[in-house]
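Asker: everything below, folded, please.
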Amino acid sequence: MALGKQAKVLTDKQCRIVLRHLEESRYPVRDKVMFLLSIKAGLRAKEIASITWAMVTDANGNVSDHIALPNTASKGKGGGRTIPLNSDLKSALIDHQSRLGDKAVPQAHIIHSEREKIKGMAVGSITVWFHRLYAGMGFDGCSSHSGRRTFITKAAHKITEAGGSLRDIQQLAGHSDLSTTQRYIEGSSQAKVKVVDLI
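Answerer: Below you'll find the model as predicted:
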């Protein structure tokens, strides 16, 4: 996605509204996982389409504490990375795995259509799903990239509290260049006011 006109960052309130809305969808568990992979792991549409159960489970087949995303599931040479699993996302994945039962085999895609249980949804279908979701809720300017921008922005605002730096955010995002990560981050007027008072 071109960074000239960026997808809007979702507010906490908007995220809660989406999650409530998805409880009433045709596939509530799968849809919740798809949304959380976007806002709680910062995955691109291509990565959501590519992620398999092998990338989120341990040797015993249980959902692990991280996503092990290889380069092939991302943007190629440098997009692969390990992303710690947010607790809400982990719970949703456990629920999804439980409902799928023996269909949640390692090679199966986590996000799939009704017809494609193993192969998964196409990238275009995932992009359209997010577009329809946000458009239907009146969230102008939001796209499949909004969750990724939300994740990166929130992580950047919290990373110093966790003892980290923007370099950690760059690695979580799978960016080869720190300047790319910086362009994803939406500023906070409130934070600017607070930091000036601290100087």
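Asker: residues in contact with the residue nearest to the spatial centre of the chain?
Answerer: The residue lying closest to the centre of the chain (CA atoms, centre = their mean) is residue 38, at 2.0 Å. By CB atoms under 8 Å, 6 or more residues apart in numbering, the contact list for residue 38 reads 48, 130, 144, 146, 147, 148, 150, 151. Any C-beta I mention is one placed from the backbone N, CA and C, and that applies to glycine too.
Asker: out of those residues, which are buried?
Answerer: When these are checked for burial by 16 or more other CB atoms under 10 Å, the buried set is 48, 130, 144, 146, 147, 148, 150, 151.
Asker: so which of those residues comes closest to residue 86?
Answerer: Within the buried ones among the contacts of residue 38, proximity to residue 86 (CB to CB) peaks at residue 151, which comes in at 9.2 Å.
Asker: ok now the helix or strand harbouring that closest one, how far from the chain's centre?
Answerer: Per DSSP states H and E, residue 151 falls inside helix 146-158. Relative to its parent chain, helix 146-158 has a centroid offset of 10 Å by CA atoms, centre = their mean, to the nearest Å.
Asker: may I have that helix exported as CSV, CA atoms only?
Answerer: Presented in CSV, the C-alpha positions along helix 146-158 are these (Å, rounded to 0.1, in the frame of the first residue of the first chain):
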residue,chain,number,x,y,z
SER,A,146,-6.0,0.0,9.2
GLY,A,147,-5.4,-2.8,11.7
ARG,A,148,-1.7,-2.9,10.9
ARG,A,149,-1.4,0.8,11.3
THR,A,150,-3.4,0.6,14.6
PHE,A,151,-1.0,-2.2,15.9
ILE,A,152,2.2,-0.3,14.9
THR,A,153,0.9,3.0,16.3
LYS,A,154,-0.2,1.6,19.6
ALA,A,155,2.9,-0.5,20.0
ALA,A,156,5.1,2.6,19.3
HIS,A,157,3.2,4.6,22.0
LYS,A,158,3.7,1.8,24.6
